[in-house]
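Asker: Output the structure for:
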Amino acid sequence: MIGLIGKKIGMTQVFGDKGEAIPVTVIEAGPCTVAEVRTAEKCGYSAVQLGFGSQKPRRFTRPVLGQFEKHNLPPSRHLREFRIADTAGLEVGQRLTVALFEKGTCVDVQGVTKGRGFAGVVKRHGFAAGHASHGPTAGKQPGSIGASAYPSRVIKGKRLPGRMGGEQLTVKNLEVVALDPELNVLMVKGAVPGPVNGMVLVMKRKGDS
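Answerer: Purely as a prediction, here's the structure:
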C-alpha cells in the first residue's frame, strides 16, 4: 500500500461540525519524490521508493549520491520503499503530496516510539508498587520470577525490567481530519508514535484506491 514519508510536527485540537474538540496530530507529509520504481519483471516484486527531505550532498555516500545523479534528482535525506500491487502511473521524478489522501478516510501511521531507557516493571509494564508504609518492603520489586523444582528457570516472556521504547510501532485506522496540500500538512485524529520532528510513514489502508 502506497503512502508518504513525513515528519511529526506535534499535537493540537480542532473543532468538529458539532463543536466537539477533536485531538489531532499534525504531520508534514511530503512532498515525496519517486526515486525508483520496482517492477515484477525487473526486480521480482512491485514497489516504489520515495525520498523525503533534504541534506548536504557531503553527508551521503557515493553509491547513494550516484542513485540520485543517475536520474538527475536532488538527494533526499530519507528513503523508504512501499510495496504496491501496481506501479502504473508512477515514474521516477514524480512528486507525491498529501493530495494522495482524502478527508474522512483512514490511514496507518508508522514511527519509532520515544526511547525511555532502562525502566522497571512499574513504568514498563504497569505493575503496582508495594505500600510505602505499614511494614511492606517490596517497593517496586517485580516479585517472584520463576518456579523452584520445575522447570527451575525463568519462563520466556516473563515481564521484567529492561529497555523501554525505541521500537517501531504502527498505529492503524486513524481518521484524516483535515489536510492542506499547499502547506503539505495532514491532520489525523489521535496520537502517533515518536517525538516531535520524528520521521513517520503515513500509509493508505488496504483496499483504498
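Asker: per-residue confidence averaged over the longest helix belonging to the chain?
Answerer: With residue count as the measure and DSSP state H as the assignment, the chain has helix 62-70 as its longest helix. Per-region confidence: helix 62-70 scores 87 on mean pLDDT.
Asker: contacting residues around it?
Answerer: Taking contacts as C-beta atoms under 8 Å, 6 or more residues apart in numbering, the residues outside helix 62-70 that touch it are 35-36, 51, 57, 74-76, 79. (Glycine included, C-beta is placed from N, CA and C.)
Asker: where do the strands sit along this protein?
Answerer: Secondary structure of the chain (DSSP state E): strands located at 3-15, 21-29, 32-38, 47-54, 76-83, 95-96, 106-112, 117-119, 162-164, 168-180, 185-189, 199-204.
Asker: Run through the neighbouring helices and strands of the fourth one.
Answerer: Identification of packing neighbours for strand 47-54 by 3 or more C-beta pairs under 8 Å, 6 or more residues apart in numbering; DSSP states H and E yields strand 3-15, strand 32-38, strand 76-83.
Asker: Could you chop this structure up by domain?
Answerer: According to the domain assignment given by automatic domain parsing, the chain is divided into the following structural domains: 3-117+169-204, 118-164.
Asker: Turn those domains into TSV, including mean neighbour count.
Answerer: As requested, the domains of the chain are exported to TSV (neighbours: other C-beta atoms under 10 Å):
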stretch	mean neighbour count
domain 3-117+169-204	16
domain 118-164	11
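Asker: For the contacts of helix 62-70, give me JSON lines that also has pLDDT and distance to residue 157.
Answerer: As requested, those are arranged in JSON lines below (pLDDT from 0 to 100; distance: C-beta to C-beta, whole Å):
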{"residue": "35", "pLDDT": "88", "distance to residue 157": "40"}
{"residue": "36", "pLDDT": "87", "distance to residue 157": "40"}
{"residue": "51", "pLDDT": "90", "distance to residue 157": "39"}
{"residue": "57", "pLDDT": "85", "distance to residue 157": "47"}
{"residue": "74", "pLDDT": "87", "distance to residue 157": "47"}
{"residue": "75", "pLDDT": "88", "distance to residue 157": "43"}
{"residue": "76", "pLDDT": "88", "distance to residue 157": "40"}
{"residue": "79", "pLDDT": "90", "distance to residue 157": "35"}
